[in-house]
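Novice: Could you look at this predicted model? Sequence included:
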Amino acid sequence: LDSNGVYNGTSELQLERINVYFNEASGNKYVPRAVLVDLEPGTMDAVRAGPFGQLFRP
């Protein structure tokens with residue numbers, strides 16, 4: 001997945017099994033099924049500000 005949640009690989013096997021860890025949202029984008037993080041405000045801000053922050057809606 002790229003930072004926008006779009007699958008850009010070439011493996012059919014990976015795409016078949018992507019639903020184990022991700023849910024498909026609108027526009028063929030994928031979002032994580034679960035995110036386990038420390039809920040301390042500083043940690044949450046770091047996750048949101050990181051390169052994959054758009055994938056998470058904590």
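Specialist: Yep, it's here. Since the model is a prediction, treat every value here as computed from it, not as a measurement.

Novice: switch to C-alpha atoms for all contacts and neighbour counts from now on
Specialist: OK.

Novice: Could you give me the buried positions within stretch 18-26?
Specialist: Neighbour-count burial for stretch 18-26, with 16 or more other C-alpha atoms under 10 Å as criterion, is recorded at residue 18.

Novice: Hmm, I typed the wrong one, I wanted stretch 40-58.
Specialist: Applying 16+ other C-alpha under 10 Å to stretch 40-58 flags 47, 48, 53, 55 as buried.

Novice: for stretch 28-44, same thing?
Specialist: By 16+ other C-alpha under 10 Å, the buried positions in stretch 28-44 come out as 29, 30, 31, 32.

Novice: Make CSV out of those and add secondary structure.
Specialist: Output for the buried residues of stretch 28-44, formatted as CSV (DSSP: H, G, I helix; E, B strand; the rest coil):
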residue, secondary structure
29, strand
30, strand
31, strand
32, strand
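
Novice: Turn the residues you listed into TSV, including pLDDT and distance to residue 1.
Specialist: TSV is the format used below for the buried residues of stretch 28-44 (pLDDT from 0 to 100; distance: C-alpha to C-alpha, whole Å):
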residue	pLDDT	distance to residue 1
29	90	9
30	91	8
31	90	10
32	88	11
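
Novice: Could I have the CA atoms of stretch 39-51 written out in CSV?
Specialist: Taking Å, rounded to 0.1, in the frame of the first residue of the first chain, the C-alpha atoms of stretch 39-51 are listed here in CSV:
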residue,chain,number,x,y,z
LEU,A,39,-3.1,6.4,23.3
GLU,A,40,-0.8,9.0,24.8
PRO,A,41,-1.5,12.3,23.0
GLY,A,42,2.2,12.7,21.8
THR,A,43,2.1,9.2,20.3
MET,A,44,-1.2,9.8,18.6
ASP,A,45,0.2,13.0,17.1
ALA,A,46,3.3,11.3,15.9
VAL,A,47,1.2,8.6,14.1
ARG,A,48,-1.0,11.2,12.5
ALA,A,49,1.9,13.3,11.4
GLY,A,50,3.9,10.4,10.0
PRO,A,51,4.1,9.3,6.3
